[in-house]
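Colleague: Next input, structure requested:
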Amino acid sequence: MSSEDTCAVCGRTILAGEQVHGYFTADGRRSVCELCVSRAERIGWRPEGEGGEESPVVVEKRRRRLSGLWRRRSKDSEPSEDRQPVPGEPVEPAEPAEPAKPNPDPAAPGMRAERLEPEPSPLSPFERAVGRFNSSEAGRTVAGLVRTLGTPWVSIGASAGSPGEVRVTVAWELSWYQWGVDLRDELRPVFQLDKGSEIDQLDSAARQWNASAVEGGRIVLVAPTQGMSADGAPVRR
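Modeller: Numbering: from 1, shown residues only. Coordinates of the predicted model:
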């Protein structure tokens, strides 16, 4: 197939009997189909029959004058990545890439460094203290005593004189124990505060039975079903 059988602009095979237009470029004569005539004229090709063939120097000068027109063409009408270059068509120079911008200095004026704040706990201080107590060695001690002594009375409250500490009191009829949970130091183990044999040895705050021991000895923040006497001692029902 010769160059006369295809359109020099779109590359389509020219059908038998289809009208063909001749144009002169810097590389010689080109055949253009009827649909690409306007495009060939826009890129500066000279129609055949308008006088003698121009020299390559003259064509090159015209092509340079038209390069400004090409730079103003809309990118939407002719995407460069989907279009193949046509012989003799002026090529628009590529735009230089912008240099990469350095990362902004967070300490510079007007900048503000991000600071990660700890997520607030959805649990109350008493709930956090009970959770740590149940998973501690003291919690396992209570579980063993429950199997031997039965269900205890339990009180959860703030430790007097120690902000951030929670006091856990577990009592039976003939013995009681107290432990402390330091909420300010998550790595500090649960520690024993005191123990005794009579419930009336406890102060009134420690005898506010606001928690219970469920099956297995686990402490929960649920008030017990038994009542209390006038002095705060538990009374079985």
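
Colleague: which helices and strands does the strand or helix carrying G180 pack with?
Modeller: Secondary structure from DSSP states H and E places G180 in strand 176-182. On a contact count with 3 or more C-beta pairs under 8 Å, 6 or more residues apart in numbering; DSSP states H and E, strand 176-182 meets helix 125-134, helix 137-149, strand 165-171, strand 191-196. Yep, even glycine has a C-beta here, placed from its N, CA and C like the rest.

Colleague: so which of those is the most packed in?
Modeller: Mean neighbours per residue, mean count of other C-beta atoms under 10 Å, is largest over these for strand 165-171, with a mean of 24.

Colleague: returning to that earlier point: so can I have a markdown table of the helices and strands packed on strand 176-182 showing mean pLDDT and distance to I14?
Modeller: Shown next, in a markdown table, are the helices and strands packed on strand 176-182 (pLDDT from 0 to 100; distance: least, C-beta to C-beta, whole Å):
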| stretch | mean pLDDT | distance to I14 |
| --- | --- | --- |
| helix 125-134 | 93 | 84 |
| helix 137-149 | 93 | 92 |
| strand 165-171 | 95 | 93 |
| strand 191-196 | 94 | 97 |
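
Colleague: With distance to T225 added, can I get the ones you listed in CSV?
Modeller: Shown next, in CSV, are those (distance: least, C-beta to C-beta, whole Å):
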stretch, distance to T225
helix 125-134, 19
helix 137-149, 16
strand 165-171, 16
strand 191-196, 24
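
Colleague: C33: which of the ones you listed is closest?
Modeller: helix 125-134 (81.8 Å; C-beta to C-beta).

Colleague: which outside residues touch that closest one?
Modeller: Taking contacts as C-beta atoms under 8 Å, 6 or more residues apart in numbering, the residues outside helix 125-134 that touch it are 121, 123, 139, 156, 166, 168, 179, 181, 183, 186, 190, 211, 218-221.

Colleague: what about 6 Å?
Modeller: 139, 156, 166, 168, 181, 183, 190, 218-219 (C-beta atoms under 6 Å, 6 or more residues apart in numbering).

Colleague: rewinding a little: which of the helices and strands packed on strand 176-182 sits closest to R12?
Modeller: Per C-beta to C-beta, nearest to R12 of those: helix 125-134, 77.4 Å.

Colleague: circling back to that earlier point, now for the contacts of helix 125-134: which two are most distant?
Modeller: L183 and R218 (19.4 Å).

Colleague: State the distance from S38 to R140.
Modeller: Counting by C-beta to C-beta, to the nearest Å, the gap from S38 to R140 is 91 Å.

Colleague: try L221
Modeller: Here the criterion is C-beta to C-beta. By it, L221 lies 19 Å from R140.

Colleague: can you tell me the distance between the two ends of stretch 150-162?
Modeller: 31 Å (C-alpha to C-alpha, to the nearest Å).

Colleague: Now D194: closest residue in space, sequence neighbours ignored.
Modeller: Q178 (4.7 Å; C-beta to C-beta, 6 or more residues apart in numbering).
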